[in-house]
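S.K.: This is a predicted model, with the sequence first.
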Number of protein chains: 2
Amino acid sequence: MGIIERKEKEKSDLRKSILDAARELFLEKGYEQTSVRNIAEKIEYSPTTIYLYFKDKDSIFLELHNEGFRMLGQHMSVLMHVEDPMERLKAMGRAYIRFAQDNPVFYDLMFVQEAPICSLDHKNWEAGDGAFQILEATIAQCIEKGLLKFKDAEVGAFVVWSTMHGMCILNFRERCMVISPEKQADIIESGLNEFIRLLSPE
Amino acid sequence: MGIIERKEKEKSDLRKSILDAARELFLEKGYEQTSVRNIAEKIEYSPTTIYLYFKDKDSIFLELHNEGFRMLGQHMSVLMHVEDPMERLKAMGRAYIRFAQDNPVFYDLMFVQEAPICSLDHKNWEAGDGAFQILEATIAQCIEKGLLKFKDAEVGAFVVWSTMHGMCILNFRERCMVISPEKQADIIESGLNEFIRLLSPE
DNA sequence: TGATTAGCTTAACACTGTTAACTAGTTTTG
DNA sequence: CAAAACTAGTTAACAGTGTTAAGCTAATCA
C-alpha cells in the first residue's frame, strides 16, 4: 500500500502548500486583500484547484486563525509557571498585547474578522474558548485571594479581555489619532499600566 | 440669479439623495455589502453619476461616519448637565454602549472600518477628537476630586474608551461565544457594572 | 447662430468568489 | 486485455465589485 500512502501524502502536501501560500500573502496584505487567485498563482495551480481542498476562502483562513491561537497559546502557557495569580494576570496582559503588536494580521483574523467565525462548524469556537478559560481561571484565583475586586470571574475576565482588545484594535484601526502625538507611540503600554493600577486594590 | 440658485439646489439635492440612499442601504446591509451600483439603482441614476458628487465610495461613507458622530454627540451633550463627574462618567459609559447597540452599523463605520479614516483629508479626525476630549475632561475632573485613581487623564480616557469599545466590538464580532449562555445576553451591561465597581476606589 | 459647457450615460477595465463542464491520466473491474 | 470508473486538475463562465475614459444631449454664452 505504499502507492496509496504516497498519493495521500501528495494530497496533503498540496493542501499544506495552499496554506503556506495563503499565510504568506495574508501576512503581507491582510485577509481581504488576499484573493483565491493570488494564492493559486503563488502555488502555480488554477484557482479552482483551491476549491478541491477547501470549501471556500473563509475555510482557508479558519485554518490560519487556528494557527494564530496555537501561537498565542504558546506565549501564554509559559506564564502558567508564575505562582502569584496577580503577577500572572499582568504578564498575560503584556503577552497578549505583545502578540497583537507582533502579529497584527493574525490578531485581526482571530478577534476581528467575521469570516473564520462564520465558517465555524457548530458555532463552537474552540480556539477562543480555550484561551478565555485560562484567563478566567487566573482571575478566579485573584478574586479568591482578594487581589481583585470583581464579583464574577467570568464577567471580570470579559472586562479585562475587552480592555486589552479595545486598546489593540483602536490602535490598529487608526483611532488613536485622538491621543496627543508624544503619547501615541506607546499608548497601549501606558494604557496597560494605568489599567493595572486600577485593578490592584491598594 | 434665481436660475443659478435653483441649479445649485438641484445639485445639492442629488448629492443629498445619494447620501439618503447610501444610508438606507448601509443600515440594512452594512458598509461592505452596499455597492455603488446599489446606491445608483436606488436613486435611478447610472453608477458613474455618483462619482460626479463623491470622490469614491469611501467619501460617501465618511459623510455617514460624521453623521454618526453627530448622533453620538447629541446623546452625550445631554449628560453635560450631570454635576458629579463620576456619575457623569458612568452615564457616558451607559450612553456609549446604548448608542453602539442601537446603531451597530453606524458604530462600525465610526470605530472599526478603516475606509472613512483613510479618506480623511489631513489625517485630522475631527469627529473623534471632539468626542474624546469630552471624555478626557470628565475623567480629569474625576481625578481632581480623587474619585478615580488614574495618573494621567488622557491615558485614563483611552483605557475607559478601550474597555467600552472592546466589549461592544467583541460582542458585534461574535466573540462572546466564550461566555456561558445565560450571561451572554446582557454581558455588556454586566461588564460595565463590574468595570464601574473597579473604577470606584472605596 | 455657433461654440462652450454642465450633467449624465454607455462601455469598458481589471478585479473578486465560486460553479459547471470538461479532459487527461490512472485505477479498477468484467 | 479492453472497458468502465474514478482522480486531479483544467478552462470557461457567472454575477458581482470599484472605478475611469469617452461620448452624448441639452442648456448657456458670445
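M.R.: Yep, it's here.
S.K.: Not counting residues beside it along the chain, what's closest to residue A:112?
M.R.: Computed as C-beta to C-beta, 6 or more residues apart in numbering or on different chains, the closest residue to residue A:112 that is not its neighbour in sequence is residue B:173, at 6.0 Å. To be clear about C-beta, it is placed using only N, CA and C from the backbone, and glycine gets the same treatment.
S.K.: Count the residues that sit near the one you found.
M.R.: Residue B:173: 17 surrounding residues under other C-beta atoms under 10 Å in any protein chain shown.
S.K.: for residue A:31, helix, strand, or coil?
M.R.: Of the three states, residue A:31 takes coil under DSSP: H, G, I helix; E, B strand; the rest coil.
S.K.: if we can go back for a sec, phi first, then psi, for the residue nearest to residue A:112.
M.R.: phi -90, psi 20 (degrees, to the nearest 10).
S.K.: Contact partners for it?
M.R.: The contact partners of residue B:173, taken as C-beta atoms under 8 Å, 6 or more residues apart in numbering or on different chains, are A:111-114, A:117.
S.K.: Same list, those residues, but as a markdown table with pLDDT please.
M.R.: A markdown table is the format used below for these (pLDDT from 0 to 100):
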| residue | pLDDT |
| --- | --- |
| A:111 | 98 |
| A:112 | 97 |
| A:113 | 96 |
| A:114 | 94 |
| A:117 | 92 |
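S.K.: from those residues, which is closest to DNA strand D?
M.R.: residue A:114 (17.5 Å; C-beta to the nearest atom of the strand).
S.K.: Which residues are in contact with the closest residue to DNA strand D within chain A?
M.R.: Residue nearest to DNA strand D within chain A (C-beta to the nearest atom of the strand): residue A:46, separated by 3.2 Å. Contacts for residue A:46 (C-beta under 8 Å, 6+ apart) come out as residue A:40.
S.K.: Put the alpha carbons of the helix or strand that residue A:99 is a member of into PDB.
M.R.: In this assignment (DSSP states H and E), residue A:99 forms part of helix A:85-102. Only the C-alpha atoms of helix A:85-102 are listed here, as PDB (Å, rounded to 0.1, in the frame of the first residue of the first chain):
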ATOM      1  CA  PRO A  85      -2.100  34.900  40.100                       C
ATOM      2  CA  MET A  86      -2.000  38.700  40.000                       C
ATOM      3  CA  GLU A  87       1.500  38.700  38.600                       C
ATOM      4  CA  ARG A  88       0.500  36.100  36.100                       C
ATOM      5  CA  LEU A  89      -2.500  38.200  35.100                       C
ATOM      6  CA  LYS A  90      -0.300  41.200  34.500                       C
ATOM      7  CA  ALA A  91       2.200  39.100  32.500                       C
ATOM      8  CA  MET A  92      -0.700  37.700  30.500                       C
ATOM      9  CA  GLY A  93      -1.800  41.200  29.600                       C
ATOM     10  CA  ARG A  94       1.700  42.100  28.500                       C
ATOM     11  CA  ALA A  95       2.000  38.900  26.500                       C
ATOM     12  CA  TYR A  96      -1.400  39.400  24.800                       C
ATOM     13  CA  ILE A  97      -0.600  43.000  23.800                       C
ATOM     14  CA  ARG A  98       2.800  41.900  22.500                       C
ATOM     15  CA  PHE A  99       1.300  39.100  20.500                       C
ATOM     16  CA  ALA A 100      -1.200  41.600  18.900                       C
ATOM     17  CA  GLN A 101       1.600  44.000  18.100                       C
ATOM     18  CA  ASP A 102       3.900  41.400  16.700                       C
END
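S.K.: And the contacts of it?
M.R.: Applying C-beta under 8 Å, 6+ apart, the contact partners of helix A:85-102 are A:71-72, A:75-76, A:79-80, A:82, A:107, A:134-135, A:138-139, A:141-142, A:145, A:147-148, A:160, A:164, A:167-168, A:172, A:188-189, A:192, A:195-196, A:199-200.
S.K.: could you give me the average pLDDT of that helix?
M.R.: Per-residue pLDDT over helix A:85-102 has a mean of 98.
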